[in-house]
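Q: Just a sequence and a predicted model for now, questions to come.
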Amino acid sequence: MIELKNVTKTFKKKNSQVTALSNVSLVVPQGRILGVIGASGAGKSTLIRCVNLLEKPTSGQVIVNGQNLTNLSASELAKARRHIGMIFQHFNLLSSRTVFENIAFPLELDNTPKAAIKDRVNELLKLVGLEEKANEYPANLSGGQKQRVAIARTLANNPKVLLCDEATSALDPATTRSILALLKDINQRFNITILLITHEMNVVKAICNEVAVISDGRLIERGSVSDVFSYPDTVLAKQFITSSLHAALPVEYEERLTAEPSGKNHPVVKLEFSGRSAEATILSEASRLFEVDNNIISAQMDYTGGVKYGIMLIEVSGTPGNTKNSLAYYSSKHIDVEVLGYV
Ligand SMILES: Nc1ncnc2c1ncn2[C@@H]1O[C@H](COP(=O)(O)OP(=O)(O)OP(=O)(O)O)[C@@H](O)[C@H]1O
């Protein structure tokens with residue numbers, strides 16, 4: 001449904017040029033949700049804006065719904081864009097129009113008869129749960145409600161593709177979850193293909209089937225969400241996965257932490273489990289095998305796409321030899337082991 005073939009985008013400045021996208025190729029099959037994740041400046045916005053040609057690629061092809069957009073005339077492109085919805089981080093609503101009028105806007109541009117507009121807008125208001133707000137102005141809505149209006153507006157023309165440009169980045173976690181649930185619902189109900197860009201792995205985890213990692217304008221990793229979570233190939237993918245987990249050392253531990261072992265103190269160890277690691281029951285195994293006690297200080301284990309992964313901070317008590325052997329045992333089971341210090 002969406003295909004980018006060797007897309008490169010270079011921005012020329014007075015004395016220099018920036019290559020925002022470098023030979024990017026990707027495919028999003030119909031009805032699937034692909035998340036592109038990357039750090040600030042990696043090229044995410046440029047990538048998504050190339051899909052509807054808000055940015056014209058310097059080279060390469062953009063094919064949406066079987067149509068090569070890079071070959072179209074301005075009027076043909078305007079027509080093709082009606083089937084490509086887009087939602088933005090800052091909603092981009094028209095402040096002088098009510099919720100109803102915002103959603104009606106694309107239908108008016110399409111010369112839809114008034115009665116049909118009314119029916120369609122009411123249907124969309126119901127879909128996004130905003131029937132009560134039809135006559136409100138955007139200024140009187142919460143961020144989540146504004147994004148619901150933007151989603152309804154973009155669905156008005158029955159797009160086949162929805163592009164989401166950091167659509168939940170301005171929202172709190174609970175509102176983010178509800179907007180992501182709405183997007184998933186829309187994807188399943190209408191079989192709409194979704195390409196979203198984000199800097200948060202939690203967004204990918206919540207709704208994407210596949211994920212691609214972008215860095216310096218290049219796609220450096222791509223796979224099903226469960227595969228990338230199980231076997232992240234790149235350090236960057238791993239960092240994004242870890243950043244979606246929170247297992248912090250309590251202040252009380254931090255204050256007591258020393259860099260060197262004294263013979264009497266115990267190591268505080270960070271264990272990172274990925275899909276290829278053994279289960280967390282490995283702690284009791286190691287306890288039995290090496291006569292160590294593992295005190296769990298903080299932990300977050302999670303499941304994505306049937307894969308279990310997570311972080312644990314543990315304090316290990318035992319003889320120095322046994323402690324060392326238990327840590328080596330974890331490493332042999334594909335758990336990343338890092339000694340943070342000693343308490
Ligand atoms: N219109 C432009 N003119 C010149 N340079 C640009 C333009 N748009 C983007 N760039 C540059 O291209 C690179 C990629 O920018 P882009 O906005 O696509 O990144 P991003 O991953 O979306 O970042 P962020 O998450 O911070 O929005 C950056 O180096 C940026 O400075």
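A: Done, it's in. Owing to the predicted nature of the structure, the values given are computational and were not obtained by experimental measurement.

Q: residues in the stretch 51-200 of the chain within reach of the ligand, list them.
A: residue 199 (Cβ under 6 Å from any ligand atom). Placement of C-beta: from N, CA and C, glycine included.

Q: Now the stretch 51-200 of the chain against the ligand: closest residue?
A: Proximity of the stretch 51-200 of the chain to the ligand (Cβ to the nearest ligand atom) peaks at residue 199, 5.7 Å away.

Q: mind listing the strands for the stretch 51-200 of the chain?
A: Per DSSP state E, counting those that start in this stretch, the stretch 51-200 of the chain carries strands over the ranges 59-64, 67-68, 84-88, 161-165, 193-198.

Q: Deepest-packed of these, please.
A: Ranked by mean neighbour count, these are led by strand 193-198 with a mean of 25 (mean count of other Cβ atoms under 10 Å).

Q: Could you save the strands of the stretch 51-200 of the chain as TSV and add columns showing distance to residue 222 and mean pLDDT?
A: Supplementary listing: these in TSV, determined by distance: least, Cβ to Cβ, whole Å; pLDDT from 0 to 100:
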stretch	distance to residue 222	mean pLDDT
strand 59-64	17	96
strand 67-68	22	94
strand 84-88	22	94
strand 161-165	18	96
strand 193-198	13	96
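
Q: These into CSV, with extra columns for distance to residue 302?
A: Below are those laid out as CSV (distance: least, Cβ to Cβ, whole Å):
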stretch, distance to residue 302
strand 59-64, 34
strand 67-68, 39
strand 84-88, 27
strand 161-165, 23
strand 193-198, 17
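
Q: Can you check which helix is longest in the protein?
A: Of all the segments of type helix in the chain, defined by DSSP state H, the longest one is helix 173-190.

Q: Can you give me the buried ones in that one?
A: By neighbour count with 16 or more other Cβ atoms under 10 Å, helix 173-190 contains the buried residues 175, 176, 177, 179, 180, 182, 183, 186, 187.

Q: what is the orientation angle of that helix with strand 161-165?
A: 170 degrees (axes from the mean of the first three to the mean of the last three Cα atoms, to 10 degrees).

Q: now the angle from helix 173-190 to strand 84-88?
A: Angle between the axes of helix 173-190 and strand 84-88 is 170 degrees (criterion: the same axes, to 10 degrees).

Q: contacting residues around helix 173-190?
A: With contact meaning Cβ atoms under 8 Å, 6 or more residues apart in numbering, helix 173-190 is reached by 31, 33, 127-128, 142-144, 147-148, 151, 155, 158, 162, 164, 167-168, 171, 192-194, 196, 202-203, 206-207.

Q: wait, what's in contact with residue 341?
A: Contacts for residue 341 (Cβ under 8 Å, 6+ apart) come out as 257, 258, 259, 267, 268.

Q: what's the helix or strand for it?
A: Residue 341 belongs to strand 336-342 when assigned by DSSP states H and E.

Q: hang on, residue 241 packs against residue 229?
A: Yes. Between residue 241 and residue 229 there is a contact under Cβ atoms under 8 Å: 6.0 Å.

Q: quick one: common contacting residues for these two?
A: 274, 309.

Q: All good on my end, thank you.
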